[in-house]
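# Sequence and predicted model, in that order:
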Amino acid sequence: MSTGSITIDILKKYDFPVQKKYGQNFLVDDNILRGIVEAAGIGKEDTVLEIGPGLGALTAAILKKAKRVIAVEIDKMLIPILKETLADYDNLTLINEDILKVDIDQLAGSEKIKVVANLPYYITTPIIMELLEKQSRIQSITVMVQKEVAERMEEGPGSKSYGALSLAVQYYASPRYIMTVSRNSFIPKPEVDSAVIRLDIYDPEERPVKPKEPDMMFGIIRASFNQRRKTMVNAVSNARELNIGKDRIL
């Protein structure tokens, strides 16, 4: 039976109301599921952190390959469904929590982890930045996001899509666009296409730049891209968070 048929059966069985507030779109394409697992490079020695397991289709595919899977799901209504659909696996730790409130280092313990996720569009950037900024135990991040966002992560200088997210992602990781995913691969169908992208985390010593004050660097980046029509001097000097006068810039 296909993942699509199973997903429809589960939604009917539990009379599950799709939660728009959580941006829920369930992946139902088996080829895409296999492609994500392959792109993440999951092996029998790996510990995987999955964000938003949903109904468990991707989770099951990961569990078959990984040593251990830690699945963090914010929607408490999905927990009993996941416990039933994934009952045959003894290498799963299921946590009902907001990933932005989770201590990833504590979850990982002494192990390095690989992150895999189908991220809700509305909160993609905050989650990506949280993972990158607190990535001491993370080896790689393989995520499905809105196609436009994936393109921005990988984009280089000179493009209209190049911006603060591009710079931030490429400071912490080497991005690789894996594949485009049609909106028809989901239930319910979103309004735009998605894409899978893999971010391989740099060792701190391998980062492209090594600023003395990273917070200041990112503040300048945000100020510059938030006010693209202004000169660099005016954009930076107008950013209250930086508290840098024009006399220090010129």
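All right, it came through fine.

# and M144, which of the three is it?
Under DSSP: H, G, I helix; E, B strand; the rest coil, M144 falls in the strand class.

# residues near the nearest residue to it once chain neighbours are set aside, how many?
Of all residues not flanking M144 in the chain, N118 sits nearest, at 4.5 Å (CB to CB, 6 or more residues apart in numbering). Heads up, the C-betas are built off the backbone N, CA and C, glycines and all. A count of nearby residues for N118, using other CB atoms under 10 Å, gives 26.

# and N118, backbone torsions?
With angles defined as degrees, to the nearest 10, N118 sits at phi -110, psi 100.

# Where do the strands of the chain begin and end?
Secondary structure of the chain (DSSP state E): strands at 26-27, 47-51, 68-73, 92-96, 113-118, 138-146, 173-181, 186-187, 194-201.

# who are the neighbours of the third one, in terms of helices and strands?
Using 3 or more CB pairs under 8 Å, 6 or more residues apart in numbering; DSSP states H and E as the contact criterion, the secondary-structure elements in contact with strand 68-73 are strand 47-51, helix 57-63, helix 79-85, strand 92-96.

# Tell me which of these sits nearest to A150.
Nearest of the helices and strands packed on strand 68-73 to A150, taken as CB to CB: strand 47-51 at 15.9 Å.

# any idea how far the residue nearest to I74 when sequence neighbours are not counted lies from L58?
Excluding its sequence neighbours, the residue lying closest to I74 (CB to CB, 6+ apart) is D98, at 5.0 Å. Between D98 and L58 the distance, using CB to CB, to the nearest Å, works out to 19 Å.

# between those two, which one's more packed in?
Between D98 and L58, L58 has the larger neighbour count (other CB under 10 Å), namely 25 against 11.

# Just the CA trace of stretch 63-81, in CSV.
Output of stretch 63-81 as CSV, limited to C-alpha atoms (Å, rounded to 0.1, in the frame of the first residue of the first chain):
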residue,chain,number,x,y,z
LEU,A,63,13.8,4.2,11.7
LYS,A,64,14.6,1.4,9.3
LYS,A,65,18.0,2.9,8.6
ALA,A,66,19.1,4.7,11.8
LYS,A,67,20.4,3.5,15.2
ARG,A,68,18.1,5.9,17.0
VAL,A,69,15.5,8.5,16.1
ILE,A,70,14.4,11.3,18.4
ALA,A,71,11.2,12.7,17.0
VAL,A,72,9.9,16.1,18.4
GLU,A,73,6.3,16.9,17.6
ILE,A,74,4.5,20.0,18.8
ASP,A,75,0.9,18.8,18.1
LYS,A,76,-0.2,16.7,21.1
MET,A,77,-3.1,15.3,19.1
LEU,A,78,-0.5,13.5,16.9
ILE,A,79,1.3,11.8,19.8
PRO,A,80,-1.2,8.8,20.2
ILE,A,81,-1.3,8.3,16.5
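
# Thanks a lot, catch you later.
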